[in-house]
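Chemist: Sequence and predicted structure, then a few things I'm wondering about:
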Amino acid sequence: MFKNFIKKFVKVKKGKVFCRIGGKGPPLLLLHGYPQTHLMWHKTAPKLAENFTVIAADLRGYGASFVLPGDKKHLNYSKREMSKDMVQMMNKLGFKKFFIAGHDRGGRVAHRLARDHEKKVIAMSVLDICPTLDMYEQTTKEFAKAYFHWFFLIQPKWLPEKIIKIDPRKWMKSCLDKWSGNHKFGKVEQEYLKSFKKIKRIHASCEDYRASATIDLEHDKKDRKKLLNIPIQVLWGKNGVIGKQFKPLKDWQKYTRRKITGSSMKSGHFIPEEDPKETVIKLKKFFFAHI
């Protein structure tokens, strides 16, 4: 995995962010989702590195990156704070402007990064999400059943943390299986579990979701009428929830002046792992168009 990539801890204002860096060409930042780490890009990053300098990072609270305690307003895991880490990391690495692709939680960090630091982003691809604000405002019984974890993880600390801690492997596998159909629990998943099973990281991931249901919504509502002016690609799994219960292209179009591009993929939620070949093709084609 990640052949010819180097491992690196980059010091940002709040702690050290872990990442792997490889390849040549324009910088491309890859951000992972829940309950994973940067390793979710292991099937796609090497191919992308043929044309880009790929930086696959662990978000704060996940993988090997630093962890902060939660706070009453969930500010430490607001997407605003999480996106600052990534901007500071990229600056430290010498990249003033970059491409960005974010899956799941990483897509929400990418969205906030584009809103707060638009001049840093050349183009952005978001994988299997619609904007947080739209998803909460359009919540139905069907969505609540499919994404019950959204409402479980935001319960007051330490309720979900303690329940997950009883059997973190079972919780992780249930998430991976439910969102993909049947997700093999192999070497990569064991690596996810090594960090995820630590109570401080279980807590951090819950705070990530608590922030999305509180402070992130405040930020999103404030910016609702602020339109982005960067190219945006949207990819979603044909067998997942996003394409069935939302209108990805229409929902994202409300947030930008530019015409949204994108399509469904032959996969469930975990697009880069379930359909890596097509993911690489789609990302390269999109980013090449904006070099």
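Modeler: Looks like it arrived, so ask away. Numbering: from 1, shown residues only.
Chemist: what about the helices in the stretch 1-150 of the chain?
Modeler: For the stretch 1-150 of the chain, the helices defined by DSSP state H, counting those that start in this stretch cover 45-48, 79-92, 105-116, 132-137, 141-146, 148-152.
Chemist: what does the fourth one contact?
Modeler: Among residues not part of helix 132-137, those counted as contacts by C-beta atoms under 8 Å, 6 or more residues apart in numbering are 79, 108, 111, 129, 143, 212-213, 216-217, 220-221, 224, 246, 251, 254. Using the backbone N, CA and C atoms, a C-beta is placed for each residue, glycine as well.
Chemist: Ser212 and Lys79 touch, don't they?
Modeler: Yes. With contacts counted by C-beta atoms under 8 Å, Ser212 reaches Lys79, the gap being 7.3 Å.
Chemist: Identify the contacts common to those two.
Modeler: By C-beta under 8 Å, 6+ apart, Ser212 and Lys79 have these common neighbours: Arg108, Thr132.
Chemist: Would you mind measuring from Ser78 to His117?
Modeler: With distances taken as C-beta to C-beta, to the nearest Å, Ser78 is found 14 Å from His117.
Chemist: Neighbour count for those two, which is higher?
Modeler: Each of Ser78 and His117 has its neighbours counted (other C-beta atoms under 10 Å); Ser78 has more, 24 against 15.
Chemist: and the more buried one, backbone torsions?
Modeler: Ser78 adopts backbone torsions of phi -70, psi 150, taken as degrees, to the nearest 10.
Chemist: for Thr279, same thing?
Modeler: Per degrees, to the nearest 10, the backbone of Thr279 is at phi -60, psi -50.
Chemist: From Thr279, how far out is Gly237?
Modeler: Distance check for Gly237 against Thr279: by C-beta to C-beta, it reads 11 Å.
Chemist: Overlap in contacts, the two.
Modeler: Both Gly237 and Thr279 are in contact with Met265, Ile271, where contact means C-beta under 8 Å, 6+ apart.
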